[in-house]
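**Q** sequence plus the predicted model coming up.
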Amino acid sequence: MLAPLVEPATRTFGPTNPDVIELRIELADVLFPGGDYRRAAVEFATLAADLAERGRPDNDLVLRFRLMEANCHAAAGETTLALEQLGRLLEDEKRFGVDEDRVLELRRQIGLLELGAGHLVQASNALTDLLPDLERRYGLRHPGVIKVREILDGLDGDR
C-alpha cells in the first residue's frame, strides 16, 4: 500500500521533504521484515544518501539506514557486500564518536556474520579482539560476554 504513494510524493514534494522521508522510512521498515531484502536495501541506501546530502553525514538516521542496508544484504545472502558495508560503517561510527555500546554491537555483528559465512579465522580474530572490550564494559557475567566466550570456545574446539 505504501509503495505506490512514495514515488508521486517524492516527485511532488522532493525526496528530503520530512513527510516524504517518513513515508519512505515506513516503506523500508515494512519491506525488511516482509523478506523483500533487495528492495529494502535500495530504499535504505537511497534514504541514507538523501539524508547525508541534506545534513551531516554522521546523522544517527544515516548511520541507522546504512546498518539496515548492510543487514538487508546479509539477509539476502550477500555476505561479502554486507561485511564491506559493516566495516565502513564501523569506521565511521568510531570516527563520529558514536556511543560505545553501538560500536561494540556492530563489532559483534561483524564477527557473527564472518562466522556464519564460514570465515572461521576472521570470525575468531574479530570476536577475540571484541571479548576484552565486552568484559571491560559489561563484566564477566554478562550474557553477551558469556555468549562470545562460548562461540570462541567452540571455534577453538574446531581446530
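**A** Received the coordinates, thanks.

**Q** show me the contacts for the residue nearest the centre of the chain.
**A** With distances taken as Cα atoms, centre = their mean, residue 67 lies nearest the centre of the chain, 2.5 Å away. By Cβ atoms under 8 Å, 6 or more residues apart in numbering, the contact list for residue 67 reads 86, 89, 106. No exception for glycine: its C-beta is placed from N, CA and C like everyone else's.

**Q** so the first one is in which element?
**A** When elements are assigned from DSSP states H and E, residue 86 belongs to helix 79-95.

**Q** mind saving the C-alpha coords of that helix as PDB?
**A** The C-alpha trace of helix 79-95 is given here as PDB (Å, rounded to 0.1, in the frame of the first residue of the first chain):
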ATOM      1  CA  THR A  79      27.700 -11.600   2.800                       C
ATOM      2  CA  THR A  80      30.800 -10.100   1.200                       C
ATOM      3  CA  LEU A  81      28.900  -6.900   0.400                       C
ATOM      4  CA  ALA A  82      27.300  -6.800   3.900                       C
ATOM      5  CA  LEU A  83      30.700  -7.200   5.600                       C
ATOM      6  CA  GLU A  84      32.200  -4.400   3.500                       C
ATOM      7  CA  GLN A  85      29.400  -2.100   4.400                       C
ATOM      8  CA  LEU A  86      29.600  -3.000   8.100                       C
ATOM      9  CA  GLY A  87      33.300  -2.400   8.100                       C
ATOM     10  CA  ARG A  88      32.900   1.100   6.600                       C
ATOM     11  CA  LEU A  89      30.100   1.800   9.000                       C
ATOM     12  CA  LEU A  90      32.200   0.700  12.000                       C
ATOM     13  CA  GLU A  91      35.000   3.100  10.900                       C
ATOM     14  CA  ASP A  92      32.500   5.900  10.600                       C
ATOM     15  CA  GLU A  93      30.800   5.200  13.900                       C
ATOM     16  CA  LYS A  94      34.200   5.200  15.600                       C
ATOM     17  CA  ARG A  95      35.200   8.500  13.800                       C
END
